[in-house]
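J.: Sequence first, then the predicted structure:
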Amino acid sequence: MRAGLVAAGTFVVVLVAVKSGLTQSWDRRAADWFRPHDEWGATQVLLGPVIDGLEPRRSYVLLGLVAVVLCLRRRSWRPAWYAALVATASMGATIAVKVLTHRPDPTGDVPSTGGSFPSGHVVALSVCLAFVALMCWRRTRWWHWVIVSIPPAVMAAALLYSNAHWLTDVLGGALLAVALICWAASLPLRTLVTEPRVAGDEENGRPRSVVAEKP
């Protein structure tokens, strides 16, 4: 939870800096470095399809499909409620900040989602993959998070090399995602989603967890 608080606090600092224009010159230099003279070269050709292939809608669809499978396997609606909470929180927070900042992207256009900051692609992909791990494994290991972090890292590179987002947009998206992941990982609902159940063991119409059993 401490990591989530640090990420949230850092996100607020970056948000204020972006809103006040303090990062604009730094962002412009970074954009020129990632895509010199706005040219579309071999790197852009390689990474460009990642943006559409791992867009937010597909990320949330993946989260929904995993939740449905877990609902059927565990015979419980809790994975669906958990996934719905995660999706609503991440989409709501992202859109709210985008509307607040109303920041143009590197091409000078204001995206239809409300603004360029933070990167919705990074937030959605990071959050959805992280919560797939949180729902599937009761205790996540370090290598789970290494695997989870690879697609968002590739997405961040694609956005920067394609000049689709500023560097601070990507940084803000990563920080917001970490804050959301830490918040939802600490919810009691997550424990209820992942704890094992015994078929036919019911109390007040609800299956009880094995953890609740007393010898």
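T.: Good, I have the coordinates.

J.: what ranges do the strands span in the chain?
T.: Ranges of strands within the chain are 197-203, 206-209, based on DSSP state E.

J.: In space, what's closest to the residue most central in space within the chain - neighbours in sequence excluded?
T.: Most central in the chain under C-alpha atoms, centre = their mean is V127, positioned 2.6 Å from the mean C-alpha point. Leaving aside its chain neighbours, V127 sits nearest to S90 (4.5 Å; criterion: C-beta to C-beta, 6 or more residues apart in numbering). Quick note: C-beta positions are derived from backbone N, CA and C, even for glycine.

J.: Surely the one you found and L180 touch.
T.: Yes - assessed by C-beta atoms under 8 Å, S90 is found in contact with L180 at 5.4 Å.

J.: overlap in contacts of these two?
T.: Residues touching both S90 and L180 by C-beta atoms under 8 Å, 6 or more residues apart in numbering: 123, 127.

J.: Compare those two and say which is more crowded by neighbours.
T.: S90 (26 against 23; other C-beta atoms under 10 Å).

J.: Tell me the spacing between that one and V123.
T.: From S90 over to V123 the distance is 6 Å, taken as C-beta to C-beta, to the nearest Å.

J.: Now for those two: what residues contact both?
T.: With C-beta under 8 Å, 6+ apart, S90 and V123 have common neighbours 177, 180.

J.: Leaving out chain neighbours, which residue sits closest to T113?
T.: T113 sits nearest to K98 (C-beta to C-beta, 6+ apart), 5.5 Å away.

J.: doesn't S112 make contact with the one you found?
T.: No - applying C-beta under 8 Å, one finds K98 not in contact with S112, separated by 10.0 Å.

J.: quick one: contacts of the biggest helix by length in the chain?
T.: For the chain, the helix that runs over the most residues, judged by DSSP state H, is helix 78-101. Contact with helix 78-101 is made by 15, 18-19, 60, 63-64, 66-68, 70-71, 111, 113-118, 120, 123-124, 127-128, 131, 135, 172-173, 176-177, 180, 183-184, 187, 189-190, 192-193, as judged by C-beta under 8 Å, 6+ apart.

J.: let's see it at 6 Å
T.: Outside of helix 78-101, the residues within contact range by C-beta atoms under 6 Å, 6 or more residues apart in numbering are 19, 60, 63, 67, 70-71, 113-115, 117-118, 120, 123, 127, 131, 135, 180, 184, 189, 192-193.

J.: Many thanks, I have nothing further to ask.
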